[in-house]
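Trainee: model this:
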Amino acid sequence: MTQADNDDQDYQSRRQFAALFQEAPMCMALLHGPAHVVEFVNPGYRRLVGGRDIVGRRIAEALDDAATQGYVHILDQVYRDGVPYAANGARYAVQALPGGPVVERYVDFVFQPVRARSGGVSGVLVLGSDVTERVLGELRRDALARLTDELRELRTPEDIGWCAARILGETLGVSRAGFGLIGAAGDTVHIDRDWCADGVESLAGAIDLRQFGNFVDELRANRPVVVRDACADPRTLDAAESLTALSASAFVDLPVVEDDQLVALIFVNAIGPRDWSAQDLALMREVAERTH
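Mentor: Predicted coordinates for the structure are as follows:
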């Protein structure tokens, strides 16, 4: 039997093995060669990567978000050394479209080297499970426990607000988070101190909310303002450039209303477009209630 025949049998065996996972709930992909060309993905893996069509392409080209987060480097290592690599709760920030929303996923996975009949590594089998809900649930429970513990030691409203903003910002992985008091006119927010990620400018001071969009009336009506992309939301189109410059291309403003009056708000900002989940909003509400 020639080497070409062996290679063909190896390829057919891999395809038959991969086909077994077509209906599996887990994420599965079969990669070939040192360039990690995608031979097969199952529906679970396709959902994980945002529905992108990646079969027949190199992983580094097809999933540039995976490349920038170091996953291609790990594949290189597995292919080179022939040693499996496993991780639990690994973060994968999925950006299915350039400039589009970023969706955070967490995955338990194994990169398993696939060997040819000759004994050498011919590819890598990727097997994983999307455990995002489990991990986020744990992170949010931990965040609320930390908030309860730390608030016991604080006395001033400024310290309490900043502590809550810090925990919220770190847990959600955003660019900025904070609390602000609404002025008498109802359209100005006064921020004493906000939490900011490294390299992000503080918004401390008085801010006219109307310069950043047409959403003040929603806040007054006790409705949260959820903006996934300032460049695409009609409420913020005119202010999109300013919001982007302030690392707030996406944001959530959660109103605090007393006696039918808007008195404060809690806010989070994200540098790029982001799909805010129901769990994100639930955590914000819980933090706001405990802090207020």
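
Trainee: show me where pLDDT drops low in the stretch 101-250 of the chain?
Mentor: Across the stretch 101-250 of the chain, nothing is flagged by pLDDT under 70.

Trainee: Now do the strands in it.
Mentor: Using DSSP state E, counting those that start in this stretch, the strands found in the stretch 101-250 of the chain span residues 103-115, 121-130, 176-182, 188-191, 194-196, 205-208, 225-227, 250-258.

Trainee: Could you list the buried residues of the longest one?
Mentor: Put plainly, it is strand 103-115. Neighbour counts using 16 or more other Cβ atoms under 10 Å place 103-109, 111-114 of strand 103-115 among the buried residues. Every residue, glycine included, has its C-beta placed from N, CA and C.

Trainee: Kindly reformat the strands of the stretch 101-250 of the chain as a markdown table and extend each row with distance to residue 71.
Mentor: Converted to a markdown table, the strands of the stretch 101-250 of the chain look like this (distance: least, Cβ to Cβ, whole Å):
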| stretch | distance to residue 71 |
| --- | --- |
| strand 103-115 | 9 |
| strand 121-130 | 9 |
| strand 176-182 | 28 |
| strand 188-191 | 38 |
| strand 194-196 | 28 |
| strand 205-208 | 39 |
| strand 225-227 | 30 |
| strand 250-258 | 24 |
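
Trainee: Which among the ones you listed is found nearest to residue 275?
Mentor: Closest approach to residue 275 among the strands of the stretch 101-250 of the chain is made by strand 103-115 (5.4 Å; Cβ to Cβ).

Trainee: what helices or strands is that closest one leaning on?
Mentor: For strand 103-115, the packing partners by 3 or more Cβ pairs under 8 Å, 6 or more residues apart in numbering; DSSP states H and E come out as strand 27-32, helix 71-81, strand 85-94, strand 121-130, helix 132-151.

Trainee: Go through those and pick out the most buried.
Mentor: Of all the helices and strands packed on strand 103-115, strand 27-32 carries the top mean neighbour count, a mean of 23, counting by mean count of other Cβ atoms under 10 Å.

Trainee: now the helix or strand following it against strand 27-32, angle please.
Mentor: For strand 27-32, the following helix or strand on the C-terminal side (DSSP states H and E) is strand 37-41. The directions of strand 37-41 and strand 27-32 differ by 150 degrees, with axes from the mean of the first three to the mean of the last three Cα atoms, to 10 degrees as the criterion.

Trainee: quick one: strand 37-41 to strand 121-130, angle?
Mentor: Between strand 37-41 and strand 121-130, the angle comes out at 50 degrees (the same axes, to 10 degrees).

Trainee: Make 406 the starting number, not 1.
Mentor: Sounds good: first residue 406 from here, last item strand 442-446.

Trainee: one step back: tell me which of the strands of the stretch 506-655 of the chain lies nearest to residue 638.
Mentor: Using Cβ to Cβ, these put strand 630-632 closest to residue 638, at 4.9 Å.

Trainee: contacting residues around the closest one?
Mentor: 618, 620, 623-624, 638, 640-641, 655-658, 681, 686 (Cβ atoms under 8 Å, 6 or more residues apart in numbering).
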